[in-house]
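S.K.: Quick one, what's the 3D model for this:
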Amino acid sequence: MPWWFWILLWIALIALSLLLHLTLGYRLFRKFMSTVHELGDGGKRFSNLSPAAETSDVETAEDRPEPGSAIFASPDQMRHDYLTAKAFRQEVRRQRRVKRKAERGQPQSLHDIEFR
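M.R.: From the prediction side, this is the model:
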């Protein structure tokens, strides 16, 4: 075979490999851009949450005493406040658990529904 045949063969192989790489690069770029657009759409959809949806059953800042007032309070008062707040948080968690299980149709714990 003549020498120019080998040169043409190598040129064709290089051209095909470049074509393959360009095609793969284009597909990768398209997939990347579609992912970026989906992330942007998701960001727009979840960034417009209403403030009412972010409410919580936990105490608000208005219910709390002034910062630093615990220094001057009696230990009995602080213990009472701590135990009261702890019981409140436990009750809120219990109510959320009962509600969540009821929505999912799961059986309730007898302890949660106060069947004692």
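
S.K.: contacts, neighbours, all on C-alpha from now
M.R.: OK.

S.K.: what's the helix or strand for the residue minimising distance to the centre of the chain?
M.R.: Residue closest to the mean C-alpha point of the chain, counted by CA atoms, centre = their mean, is residue 46 at 11.0 Å. If you go by DSSP states H and E, residue 46 is part of helix 3-47.

S.K.: same question for that helix, mean pLDDT?
M.R.: Regarding helix 3-47, the rounded mean pLDDT is 93.

S.K.: Tell me the helix or strand right after that helix.
M.R.: Taking DSSP H and E, what comes next after helix 3-47 is helix 75-104.

S.K.: buried sites along that following helix?
M.R.: Along helix 75-104, these residues count as buried under the neighbour rule (16 or more other CA atoms under 10 Å): residue 98.

S.K.: That helix - what's its average pLDDT?
M.R.: In this model, helix 75-104 has a mean pLDDT of 93.

S.K.: Residue 97 and residue 2: what is the separation?
M.R.: As judged by CA to CA, to the nearest Å, residue 97 and residue 2 stand 82 Å apart.
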